[in-house]
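> The following block contains a protein sequence and its predicted model.
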Amino acid sequence: MGHRLSKIYTRTGDDGSTGLGDGSRVAKDSLRVSAYGTVDELNSTIGMVLAADGVDDAIREALTQVQHELFDLGGELCIPGMAMIEDQDIDRLEQVLDGFNDPLPPLKDFILPGGGMAASCCHLARTVCRRAEREVIALARVEDVRPQAQRYLNRLSDLLFVISRVLARASGHGEVLWQHERRRKA
């Protein structure tokens, strides 16, 4: 860390621009700022999961590691040309995902977001993760973005889905199944 923030407001963004990590300035609504801003939002929603009751130590450890990696990813997106998320981060996500998914019964129906507060927060995090992935894809169409960023978010949304299932089952609320039959006419 080269600089410490001793003053929170600078007024430099009052014109609708913001500084990237490399010192360049861009519009606050640029694709790059949207992408790393949504990664920051995702990190905050994972914080909501961690603040909910009923999150066991294995999930807490996995999601805390994810929060650190999301901070890295935000830095990578904020500094064009920076590389922080690596293939081994994605491999680790897959291993964690497999570990949480293996004991779960196979899904036969779609599930609705719900199943208790922790599971619901995790579903929210999953949807924010999907939006972050879409924004990184949009950015990659016009600027250089390493493929690891997109792959990480893709894998993370899968992990968050699986953790939502685990949390719903552990809470006693259970998974909320989509009742597709309810619309069929007799």
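Nice, I can see it.
> Run through this protein and note the low-pLDDT ranges.
1-5, 7, 9, 12-13, 27, 185-186 (pLDDT under 70).
> Any idea which residue is closest to the centre of it?
Relative to the mean C-alpha position of the chain, the nearest C-alpha, by Cα atoms, centre = their mean, is the one of residue 129, at 3.7 Å.
> contacting residues for it?
For residue 129, the contact set (Cβ atoms under 8 Å, 6 or more residues apart in numbering) comprises 42, 153, 156-157, 160. In this view, the C-beta of every residue, glycine as well, is placed from N, C-alpha and C.
> What is the burial count for the residue nearest to residue 172 when sequence neighbours are not counted?
By the measure of Cβ to Cβ, 6 or more residues apart in numbering, the closest residue to residue 172 outside its immediate chain neighbours is residue 116, 7.5 Å from it. Counted by other Cβ atoms under 10 Å, the residues lying close to residue 116 total 21.
> Let me have the contacts of residue 129 in TSV, extended by secondary structure.
Listed next are these as TSV, based on DSSP: H, G, I helix; E, B strand; the rest coil:
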residue	secondary structure
42	helix
153	helix
156	helix
157	helix
160	helix
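> Of those, just say which sits nearest to residue 112.
Nearest to residue 112 out of the contacts of residue 129 is residue 160 (Cβ to Cβ; 15.2 Å).
> Please tell me how far the closest residue to the closest one other than its chain neighbours sits from residue 101.
If the residues on either side of it in the chain are set aside, residue 160 comes closest to residue 126, at 3.9 Å by Cβ to Cβ, 6+ apart. Going from residue 126 to residue 101 by Cβ to Cβ, to the nearest Å gives 14 Å.
> And residue 94, by the same measure?
Note on residue 94: its distance to residue 101, by Cβ to Cβ, is 10 Å.
> Looking at the two, which is more packed in?
Neighbours per residue (other Cβ under 10 Å) separate residue 94 from residue 101, with residue 101 holding more: 16 against 12.
> nearest spatial neighbour of the more buried one, skipping sequence neighbours?
residue 162 (4.7 Å).
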